[in-house]
Each structure stands twice: as structure tokens, then as C-alpha cells.
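A.B. asks: everything below, folded, please.
(chains A and B)
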Protein chains: 2
Amino acid sequence: MLSPGATIGILGGGQLARMLALAGARLGLKSHVFSPVPDDPAFDVCAAHTKADFLDEAALAAFADSVDVVTYEFENVPARTAEVLEAHRPVRPNPKVLALTQDRLIEKQFVRGLGIATADFADVTDADSLARAVAQLGRPSILKTRRFGYDGKGQTQVRDGVDLAQAFASLGGAPCILEGFVPFTKEVSVVAARGVDGAFRAWDVCENVHAHHILATTTAPAAISEKTARDAVEMARVIADAANYVGVIAVEMFVVSDAQGERLVVNEIAPRVHNSGHWTQDGAVTSQFEQHMRAVAGMPLGATRRHGQKVVMRNLIGADADTWAQILAEDGACLHLYGKRESRPGRKMGHVNRVYE
Amino acid sequence: MLSPGATIGILGGGQLARMLALAGARLGLKSHVFSPVPDDPAFDVCAAHTKADFLDEAALAAFADSVDVVTYEFENVPARTAEVLEAHRPVRPNPKVLALTQDRLIEKQFVRGLGIATADFADVTDADSLARAVAQLGRPSILKTRRFGYDGKGQTQVRDGVDLAQAFASLGGAPCILEGFVPFTKEVSVVAARGVDGAFRAWDVCENVHAHHILATTTAPAAISEKTARDAVEMARVIADAANYVGVIAVEMFVVSDAQGERLVVNEIAPRVHNSGHWTQDGAVTSQFEQHMRAVAGMPLGATRRHGQKVVMRNLIGADADTWAQILAEDGACLHLYGKRESRPGRKMGHVNRVYE
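C.D. replies: Next comes the predicted model:
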């Protein structure tokens, strides 16, 4: 177990790294942020930062030597980066998890291998294999690049009339996966943490609403049955245990409701703190950010009880953040801004949490 | 009103500055910390810091020019420091408040002038005036230096048998004030904030227990009558209004209970966030740190409602902080550590908040 005064190395300097550093500071932990991006939001709140490329091995080695443990705020950490760092310091969550979650095909095979439902899927390497996959999974279905997709980028819908060669070409000819249509009624996620000792704590399952492929709001708890909620948490636990995971993990799931009742389909695993866990900052005893820092430092996990009857997190995207003064004047609204220099449409600038008693 | 992205200059780099910087970051505010102390706790969490003497006028000018507004974490800011800074940027709370609170005699005269009770007091400039003061106020009474006293330093009790010349000499011959004995049953404080627009918000009156002259615990709300609580908040409001105050202010008071009921005697004013307000970090909608940053930035004040039935803050002094692992493992305990490199007996290393539902 690290002691207060230890330094946590964080790869990436965006808002997640920023909120990790802030939460760590509360526990007396120092943060050293590594990012190639000038003026990254986390630089303003950390004890040290290194501005260097993720493939700059000398910079990575010096960074690792200056910290006690390394973690990351994003899943697309290059394999070589993780390898260099691991030679110097523990990397948590372990880099095998990165390999898993960077590739939609491997991720789905892993989840299925645990006996957990996912959308039906097929490997797509060219227009011909796409044609076979569509024949198998039907339309509508979704073609996604195996790697580097987020917020709706790197994917295209295969509806009636869509030309398959064109669809495949629109994603740059990259290796893809075709996912069958899931007639879901809700999107939920489980945000949870697993400690070095295998302890597991989940917050309430929460319900997510997206707009333009970007998370708009999260509400905790999700309006699902108690049994579905228990099943969801259990799936996250099985996944975290199987990956020998350490830190906060988010598992996005679809809820399908039919004559048989509610059932869950795992959509995606994020090996990091997650936008759908931001509500925990004001709506739970321990926030996901503090929990992640505790976990990677080998400290005991904190309580995850929710405050209030309901907590709603709303993202402030682009110009939404210009309403900050109204939000500050609103009784009980908890404003979080990321200190980004430039606002752009679609850019996450902050969020607001509202706890309803 | 400043906007998120603005920089708040903070004089002093201790735990109060650290927690101010952390709270400001949540709102997208940057902090620039000015302190002469190497490795000060706030340096680890701020966007910029200047390590220079408080009388280094060139450093002060450069600091002021780099920020949008200046505030401070301690009341003993030299008058000249404030004067230099004010020539460049607004200083909040205004430096007249510093002059007031740096001198126990002037402070007491100010409070009395507002029709608010204080201990009886007399000016002491030498052993002779001390003898006259003791003849007037009786024994026991307390001799305190007018300036630079804190945590029981710069004061001595005048009990039966105490030699007055010796007592005066023990405080270095500095200008003093003799304070009459107050037979109090409790010590309470009002932590409140006043905005640039004159808005005023107080948290629950809280009850403080000291050990060895250092705050040990704060409990909110204080076990006093509703009327006494209302009176206490009203006194703080009158004081803040009279001082044209901007920011968080703490007013320490004694509660005297006798045949006539409860009454309040103001003991001391702190023109800053205060140890007895730390409970608000986990026990109220808006913390004193966020509130102070809002106030000095000219932003609207946040709600001050308490969470739970009762909130208890316990200071971690010296070796108390070595129990951090137990505290982390305790369900619902909220640990705050200040990142100080060195633990010493009597040094404030952190605190823990416990919210009771």
C-alpha cells in the first residue's frame, strides 16, 4: 500500500486526469501528469507534469522513475508505452486490460467467454466478409472499426439500401466488427472499482442518455428492476475479476425489455473512470476519482452509497458551459468545469450534478 | 464577475490555500500561490506559484499582474504587502479588514462599536498599565499580545499569585490587551460568506472543542437554542456588513449560560476560511473553500444547507495522521490530508469529516 505523499503517474491530461489529480490531492497524494498536449486541463492541478509524446521512451522512463505507480485516463494507450512503463513501475489497471478494451472484437470475445451476453457480432476484414456478416446478422446492424472508436466516431449504420462496399470504405478500410441490432429500451452502466486485494465495490447502476453519440445525462439509480440491477453489478464483478482488474471500471450495457422481462447486453468496457460516474462526485460517499486513486495506490476502497433519492449529471458540451453563471446561482447545483482554454461544438467543457433529496 | 478560466492569486501556501485551489479548480478557476515557504502544500495543486518573500515588492507586482484578483489564507499579511498588491489588482477581503483583525485591541473596539458583546478588555503597554487593568478586570484574566497570536501562542493566564511584571515580560514586552474572564459553557463559530453584491450566507453555527489551544473537533450544528443560533449568525452578518467584507469570514464566539439564558460573546474574527469550517467540505452543499473562491471572483454564493443530522470534523494533529489507513477503511469517513512533508507534534496534518444521517 502506498502512503499519502506518494506520487501517482497519470497518462493523459484531460478532464479525467484533472479530476483524478484533484481527488488524489485530498488524500495527500501527488500527481505527475504525462501528456503530449500543451496546456492540458490536468496540468493546472498537478504537482508535476511531463509534456512529451507517448512514444518518447526516454521521457516515459524518466516519468515512471519519478512516480510510485502509473495509471491512465484513456484506453488507447499504445502497447509499447505500457510496456516501457511496466519495466519501471506497476501499471494499474494492468496493460492486458488495455489490449482487451482497445479492440472491439477481442473485447466481445472476452465478455462472451465469461458467459455474459453481448450483441451478436462478426469479424469484418473486407467488403466480402462484411457481406457475409450482414447476411448472418441482418439489417439494421452497425459496422464499427475494431480500434480507436469513441463518441460515435469510427462507426456507421448498415440499414436497408446501404451499399456495403461503400460502408466499409467509409471507415477507411480498417479492420471492423459488425454488431447486430439490439432493440434496447435503456442504456445503463455499472461504474465499480476493484482493489489490489480483489475487493469490489459498485455504485448504483445508472442510466445514460446520449445525444449525437455523446453522453448527455446520467441518472442514478437507473429505473430498472432490483434483479436487473443486481445482475448488472454481478456482470461487472465477473469482468473485473477475470481481468484481474485494479481501479475503476465502467461497463456499459443495454437493457432489453420483452415478454421474458428485462435482460442485459454488455456493450462496452471502459478501463478507467468514466463520464457516467461523474455523478458520484456530489452524489455518493466516495467519488469514482477518489476510488480510482485509492485502488491504484493499494488503499482500501471507500463506501459507494448514494446521497439523496436521485442524482442527475448533465454534461456541458460546447456552448452549454456558457450557462455557468446561471448554474452557480441555482440552489444546490454542483458545477464542475474543466478549465479548457477553447470551447468547441461537441467538446466536453464541464458537467453539473444535481442531488434530489 | 470573473469567468471560469480566471486566475485567483492566493497569499500563503498552507493547507487553507491548498483547499482553496482545489475548490477553485472545480469551477475552472486557476490559482497562483505566493509563499516564501519551499514545498508549501498548495504548490502541488496550483497552476502557478511564486516562492518569494511577502515584502519582495517586485515579486508581488509580477504576481499581482499575473492574476485577476488577490486573496489570502492568513490574516497576518503585512500592511505593505497588501498596499503593493492593491495598486495592481483588487484584494479581497479588503485590506482594511486585515488591519482590524491583526490587532486584538482594534478588533474588540470595532466589535463593541457595533453593539456586540466581547470580553471586557483593557489596553496594556507596560507592567503599570497591566496592574491597573488587573485591578479593573480581576483575576483570572488573560494577557494577550495585540498582534501575531494564534493557537494559544502570545498569551498567558493571570491567575491568583501570578507576578504581573513577570507575566508582561513573558510576552516579550509587546503591546498587549488584558481580557476579562468569560465563564463560557461552549465555544461556537459562525462561518459565513459575503459576496461582492452584499449577499450573505452562513452555514450552521458549529461547536468547537480545543485541546492544548488547538482546535480538536467541530460539530455542526452547535447544541444551542435556535434563538442563540439566529443571534450568532446576525452578529456575523453585522460584522461582515460593517467591514464591507467579501469572502468567507469566521467569527468565534463564547456561549455563556446563566439564569438569564444563553448569550454570546464574540472572541475573535478570522478574515479567511477557517478550520471550524472544514466540515462543510463533506457536510454541506457548498464548501467554505468553493464559497470563498466564488465570493472573491464576484460569482453568486452557493447554498449552505447541511447534509445529514450532524457533521463532525476532527483535526489530525501530528501523529494522529498516521491513522490514515484506518480512517480510509472506515465506512463513510471522509479523509483530507494536506500533503505536508514533515509531521511535527502540534502540526495540523489533515482532518476527517463524518456525516451522520
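A.B. asks: mind listing what the residue of the stretch 251-357 of chain A found nearest chain B touches?
C.D. replies: Residue nearest to chain B within the stretch 251-357 of chain A (CB to the nearest CB): residue A:337, separated by 3.0 Å. To be clear about C-beta, it is placed using only N, CA and C from the backbone, and glycine gets the same treatment. Taking CB atoms under 8 Å, 6 or more residues apart in numbering or on different chains, we find residue A:337 in contact with A:316, A:321, A:324, A:349, A:350, B:4, B:26, B:27, B:28.
A.B. asks: the last one: how many residues sit nearby?
C.D. replies: Using other CB atoms under 10 Å in any protein chain shown, residue B:28 is surrounded by 22 other residues.
A.B. asks: same thing with the fifth one?
C.D. replies: Neighbouring residues of residue A:350 were enumerated by other CB under 10 Å; the total is 24.
A.B. asks: and if you look at residue A:75?
C.D. replies: By other CB under 10 Å, 20 other residues sit near residue A:75.
A.B. asks: ok, now the one 10 residues further on?
C.D. replies: Per other CB under 10 Å, the neighbour tally for residue A:85 reads 25.
A.B. asks: from memory it sits against residue A:57, does it?
C.D. replies: No - in this structure, residue A:85 is not within contact of residue A:57 by CB atoms under 8 Å, at 9.8 Å.
A.B. asks: distance from the lengthiest strand in chain A to the middle of the chain?
C.D. replies: Longest strand in chain A, counting residues (DSSP state E): strand A:247-258. A distance of 12 Å separates the centroid of the chain from that of strand A:247-258, by CA atoms, centre = their mean, to the nearest Å.
A.B. asks: name the next helix or strand downstream of that strand, please.
C.D. replies: strand A:261-270 (DSSP states H and E).
A.B. asks: now that following strand: mean pLDDT?
C.D. replies: For strand A:261-270, the mean per-residue pLDDT is 97.
A.B. asks: please save the CA atoms from it in CSV.
C.D. replies: Extracted in CSV, the C-alpha atoms of strand A:261-270 (Å, rounded to 0.1, in the frame of the first residue of the first chain):
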residue,chain,number,x,y,z
GLY,A,261,-38.8,-9.4,-18.8
GLU,A,262,-35.6,-7.3,-18.6
ARG,A,263,-32.2,-8.6,-19.7
LEU,A,264,-28.8,-7.1,-20.1
VAL,A,265,-26.4,-7.0,-23.1
VAL,A,266,-22.9,-5.7,-22.4
ASN,A,267,-21.9,-3.1,-25.0
GLU,A,268,-18.5,-1.8,-24.0
ILE,A,269,-15.9,-1.8,-21.2
ALA,A,270,-14.0,1.3,-20.3
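A.B. asks: show me what it is packed against.
C.D. replies: If you count contacts as 3 or more CB pairs under 8 Å, 6 or more residues apart in numbering or on different chains; DSSP states H and E, strand A:261-270 packs onto helix A:95-101, helix A:104-113, helix A:226-242, strand A:247-258.
A.B. asks: mean neighbour count, the ones you listed: which tops it?
C.D. replies: Among the helices and strands packed on strand A:261-270, the stretch with the highest mean neighbour count (mean count of other CB atoms under 10 Å in any protein chain shown) is strand A:247-258, at a mean of 23.
A.B. asks: list the neighbouring strands of that one plus their orientation.
C.D. replies: With DSSP bridges as the test, strand A:247-258 is paired with strand A:186-194 (antiparallel), strand A:261-270 (antiparallel).
A.B. asks: just these: most buried one?
C.D. replies: Among the strands paired with strand A:247-258, highest average neighbours (mean count of other CB under 10 Å) belong to strand A:186-194, with a mean of 26.
A.B. asks: returning to what we had before: what about the residue of the stretch 251-357 of chain A closest to chain B, distance to residue B:236?
C.D. replies: 30 Å (CB to CB, to the nearest Å).
A.B. asks: for residue A:150, report the pLDDT, please.
C.D. replies: Value for residue A:150, per-residue pLDDT: 69.
A.B. asks: which residues does the residue of the stretch 251-357 of chain A closest to chain B bridge with?
C.D. replies: Beta bridges link residue A:337 to residue A:350, residue B:27 when assigned by DSSP bridges.
A.B. asks: okay, now residue A:25: neighbour count?
C.D. replies: 28.
A.B. asks: can you check residue A:138 too?
C.D. replies: Around residue A:138 sit 12 other residues, with neighbours defined as other CB under 10 Å.
A.B. asks: surely residue A:12 touches residue A:73?
C.D. replies: Yes - using CB under 8 Å, residue A:12 is in contact with residue A:73, at 3.8 Å.
A.B. asks: can you list the strands paired with strand A:247-258 in JSON lines and add distance to residue A:305?
C.D. replies: Shown next, in JSON lines, are the strands paired with strand A:247-258 (distance: least, CB to CB, whole Å):
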{"stretch": "strand A:186-194", "distance to residue A:305": "14"}
{"stretch": "strand A:261-270", "distance to residue A:305": "23"}
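A.B. asks: out of those strands, which is closest to residue B:261?
C.D. replies: The minimum distance between residue B:261 and these falls on strand A:186-194, with 51.4 Å, by CB to CB.
A.B. asks: any idea which helix or strand comes after the closest one?
C.D. replies: Taking DSSP H and E, what comes next after strand A:186-194 is strand A:200-202.
A.B. asks: now the helices: where do they sit in the stretch 1-150 of chain A?
C.D. replies: A:15-26, A:57-65, A:79-86, A:95-101, A:104-113, A:127-137 (DSSP state H, counting those that start in this stretch).
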